[in-house]
Structure formats: C-alpha cells, structure tokens
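Student: show me how the following folds:
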Amino acid sequence: MTYRKDLPWLSLVALLVLGGSCSPPVEESASFAGGVAFDIPDWSGRWYKGNTHAHTTNSDGDSSPEYVARWYKENGYDFLVLSDHNVLTDPEALSHIADDEFLLIPGEEVTSSFESAAVHVNGLNIPHVIEPRRSETLVATIQANVDAIREVEGVPHINHPNFLWSIGAQELAQVEDDRLLEIWNGHPTVHNDGGSGSPSVEEIWDVLLTGGKTVFGIAVDDAHHFQGEFNADRANPGRGWISVRANTLEADELMASLEAGYFYASTGVELTEIAVRPRSIEIHIAQDRDFGYETTFIGASGEMLLRTEDNPAVFHLNEDVGYVRARVQDSRSDLAWVQPVFVMRR
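Tutor: Now for the predicted structure:
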C-alpha cells in the first residue's frame, strides 16, 4: 500500500546507489522535469560497513582495545573507529588485527562542555590527540572543537545532541564546517527520540536541512559494554552502524565518501541498492525472513512526501521540493536512513 503527500514548497532528498543484483534500471531522460532534477551522486566502488563511535578501557569502556577491535571484526564490520574520550587509541598497536578486510581508523571523542551542556565531537582519521577546547558560548565551544579537528585534517561529527539535552537545532545551525551529525546513538541515555518538550534528533536534522545546511545523519553504537549482559540499559555494541560507498577500504576514501553523504545509516535494516535517477529514487531492501517494511520519503520541515510498503520503494520527482531523504522501518522496528540528495533547478 502506498500513501503520497505532494507539497510544492518542500525540499527533496536524493539518495544512494548500492551495489547488488537486480533488474536493469528503467531509463530516464536526463532532461529536467518541470525545470527540476535530482543532483545524482558521483560515486563508485562498493559498500563498507563500519562504526565510528566505540570506547575501550583507555577511557570508560569495559574491554581492552584488542577485545573491542576483535568484536567488530568477528561480527562482520569492515572498519572501526575507536573513539575514547580525549585519548587516541593508536591503531598501530592493533596492526595484528587489521588486514585487507578490516580497517582500524584513528579517532577520539573530543570531550568538552559549556556550563551544564555536554559538547562531544568525534574526530575521525586524526594524527594525534586533540585537546578539548572551551569558549565563551555553547556555539563557540562546539565550533572550537570542530575547528580543532579540521586543523589536523580530521573529520568531525557532532555526537548525541540530546544527551543531557545539551544542543538544539538553533545552536547546530550556527556551527560551520561540519557535515556529520549523530541522528541515532546506541547509548541508553542520549534521548534519540526527544522528550520533555525537546524534538528528536531526526527532527533536528530536518530543521537543519530545511534551513539550508548540508548535513548527513549517521548511526553509531557509542559502545561501552562488551562484557556481561546485553540489554537495553547497557551501551552494548552492534546497535547502530553505517554502510559507506568507496572505491577502496582506505581511511581517506571512506572519509571523503562520508562527507559527501555516500552512505546510509542503520540500526538493523540492510539495503541492497539505492538508485538515484534524474527524476526518481528507488530503494531496494534486503529481505529478512518474513519481515515487513515501510519506507517513508521525507521532505522539508519533516513533511511526509510518500509512504509505501513496496519493495523496492520508489519516489518520483514532479516538482521543486528542495531535498528528499528516506527512512525504512521493518516490522521489528529496526531502521535505515537514506541520506538527502538535493534537487537542482534549471
């Protein structure tokens, strides 16, 4: 069953093309429909599964760096960032675990604060420890830590904005030179879904996109607890991840793809293909047992453009709506998020 809501003023998201066998795509004219067409991603290569937020005994995790790295390798991940608080857990010390099929990327959770607000910004692919910075306002503190990561040619992503109800859309909209935001974090106390009058992080994402900021949404574990029981009250691994399209399993390639939005985020739903054509988006979902799937295409201000249970899910572009992103939910409530790809107007 398919439901559609056309809103002429909305901004449209364009999506990814995942590798996988399927029927040949329907050819579309490259000409603009009504003066608009999707800005098709310029990507190639294959898809790599990874996690960019995990902790070890070098900060507040319960397991050694070697144990954590092996957990991800043995559970089918292609890459991992160990992101201890204000500590660089050096991948070189774990070189006996890494190989052609599993990459460890140096990282750190640069951990600062402003008054009662937590300011945590992950630095990916950094060369050394980055000292956390503080400043005279919340926005300035976030910006200072983003800048510190950029200064060493690292890639920043702003973490769990609803943790301690710390960072809102108004603050995030003012930060510059950041392109990645945690829209889902597996720690049990970060309030992904909002509450107490605060919006969900996904709603914050739409506010930023609607306001014209280019930012992509990632899902992470923020894993701390690898020992003992796995339950909802513990920060266990395997809950949130990304699948990144790149030509090779190399840190620079993965970072470039992340910042271009060439990935999808997930808490369990896997996609086999996301095809962006001049006037359509088509998402193929990997069937898991007898699960059902619902795909929602979302535009500016979080408005629903189309909701469908079809697989593949297809959205057709008929007008200038700015951006479109998609959320896929299965009948177990696992999710996948397809990144916004924007609409060009002639």
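Student: how about the helices in the stretch 101-250 of the chain?
Tutor: 138-151, 169-174, 201-210 (DSSP state H, counting those that start in this stretch).
Student: mean neighbour count and distance to Gly35 added to those helices, as CSV?
Tutor: Where C-beta positions appear, they are placed from N, C-alpha and C, glycine not excepted. Shown next, in CSV, are those (neighbours: other CB atoms under 10 Å; distance: least, CB to CB, whole Å):
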stretch, mean neighbour count, distance to Gly35
helix 138-151, 20, 36
helix 169-174, 17, 28
helix 201-210, 22, 21
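Student: quick check: Lys73 is in a helix.
Tutor: Yes - per DSSP: H, G, I helix; E, B strand; the rest coil, Lys73 lies within a helix segment.
Student: contacting residues around the nearest residue to it once chain neighbours are set aside?
Tutor: The shortest distance from Lys73 to any residue other than its chain neighbours is 4.6 Å, reached at Phe102 (CB to CB, 6 or more residues apart in numbering). Taking CB atoms under 8 Å, 6 or more residues apart in numbering as the contact definition, Phe102 lies against 72-73, 77-80.
Student: residues in contact with Pro156?
Tutor: Pro156 makes contact with 121-124, 145-146, 149-150, 177-178, 180 under the criterion CB under 8 Å, 6+ apart.
Student: ok, Ile142 - contacts?
Tutor: Contacts for Ile142 (CB under 8 Å, 6+ apart) come out as 119, 121, 158, 167, 171-172, 175.
Student: wait, which of the residues you listed is closest to Gly261?
Tutor: When the contacts of Ile142 are compared for distance to Gly261, the smallest value, 15.5 Å, is given by Ile158; criterion: CB to CB.
Student: what number of residues lie near the closest one?
Tutor: Using other CB atoms under 10 Å, Ile158 has 23 neighbouring residues.
Student: same question for His96.
Tutor: Here the number of neighbours of His96 (other CB under 10 Å) works out to 8.
Student: report the secondary structure state of it.
Tutor: In terms of secondary structure, His96 is coil; the call rests on three-state DSSP.
Student: quick check: phi and psi on it?
Tutor: Comment: the main-chain dihedrals of His96 come out as phi -70, psi -10, following degrees, to the nearest 10.
Student: thought Val215 was touching Trp205, still the case?
Tutor: Yes - contact status for Trp205 versus Val215: in contact at 6.9 Å, counting by CB atoms under 8 Å.
Student: now do the shared contacts for the two.
Tutor: When CB under 8 Å, 6+ apart defines a contact, the residues bordering Trp205 and Val215 alike are Leu181.
Student: what segments of the stretch 101-250 of the chain are strands?
Tutor: 103-114, 117-124, 155-158, 180-185, 216-220, 241-246 (DSSP state E, counting those that start in this stretch).
Student: and of those, who's closest to Thr57?
Tutor: With CB to CB, the closest approach to Thr57 among these belongs to strand 103-114: 14.5 Å.
Student: for that closest one, list every residue counted as buried.
Tutor: For strand 103-114, burial by neighbour count (16 or more other CB atoms under 10 Å) applies to 103-112, 114.
Student: with that, I have no additional questions.
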